[in-house]
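Undergrad: mind looking at a prediction? Sequence and model below.
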Amino acid sequence: MINQLMSLYKSIFSGVERLAEPWLLPTLSRFVFAAVLFYYFYQSGVSKVDFGNGIFGFLKPTDGGFVQIFPKAAEAVFYDITQASFFQKLVIVGGGWAEILLPIMVVIGLLTRLAGVGMIGFVVVQSLTDLYGHGGIAHKETLGVWFDQFSNSAILDQRAFWMLLFVVLIVRGAGPISVDALLGLNKKPVAA
């Protein structure tokens with residue numbers, strides 16, 4: 001009886017795995033990212049670049065970007081973006097554009113593995129800025145603790161799920177409904 005149940009279990013779920021194998025995880029990961037995180041990152045990126053300031057506004061950082069990325073430096077100069085260093089301005093504009101372009105790449109499935117790596121890097125930097133730049137390290141509920149009964153900390157809990165989406169995309173690619181699939185970038189390399 002036990003052997004029959006185990007055999008039934010294996011046959012059912014191996015069939016599910018065969019049906020879902022090539023497409024479900026990457027497609028679902030991109031969908032969840034689009035539904036839950038895309039607008040969050042996109043709006044954050046748009047807030048860092050001064051699109052409304054002339055033809056080259058897309059190259060100008062905003063006060064808000066200065067405060068978000070370099071909170072202590074911004075406070076030291078009374079939030080005056082003109083006091084930001086060239087390096088700080090470059091980081092603000094680069095970060096803003098990364099927050100705009102990388103999420104678009106994930107959603108449409110363009111160079112998805114590379115975009116996933118970029119998003120992981122971005123989330124790590126964002127988390128460190130939240131903890132050390134904005135004083136989140138002083139608030140244990142912001143950082144959170146793993147393996148406790150609470151699942152709502154902004155850093156360790158939420159961002160672990162974000163990272164899982166990106167890891168799936170890095171390992172599995174974008175799936176069949178993507179620009180990567182049209183370009184043939186989802187194919188596994190053939191062993192020599």
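TA: Yep, it's here.

Undergrad: list the buried residues of stretch 166-185.
TA: 166, 168-170, 172-175, 178, 180-181, 185 (16 or more other Cβ atoms under 10 Å). In this view, the C-beta of every residue, glycine as well, is placed from N, C-alpha and C.

Undergrad: first-to-last residue distance for that stretch?
TA: 17 Å (Cα to Cα, to the nearest Å).

Undergrad: list of residues touching that stretch?
TA: Residues from elsewhere that reach stretch 166-185, judged by Cβ atoms under 8 Å, 6 or more residues apart in numbering: 22-23, 25-27, 29-30, 106, 108-113, 115-117, 119-120, 123, 186.

Undergrad: roughly how far apart are V106 and V16?
TA: 26 Å (Cβ to Cβ, to the nearest Å).

Undergrad: who has more neighbours, those two?
TA: Shown here are V106 and V16; by other Cβ atoms under 10 Å, V106 has more neighbours (27 against 11).

Undergrad: go ahead and confirm that one touches A115.
TA: Yes: counting by Cβ atoms under 8 Å, V106 does reach A115; the two are 5.0 Å apart.

Undergrad: what number of residues lie near L90?
TA: Around L90 there are 13 other residues, counting by other Cβ under 10 Å.

Undergrad: cool, and M105?
TA: 20.
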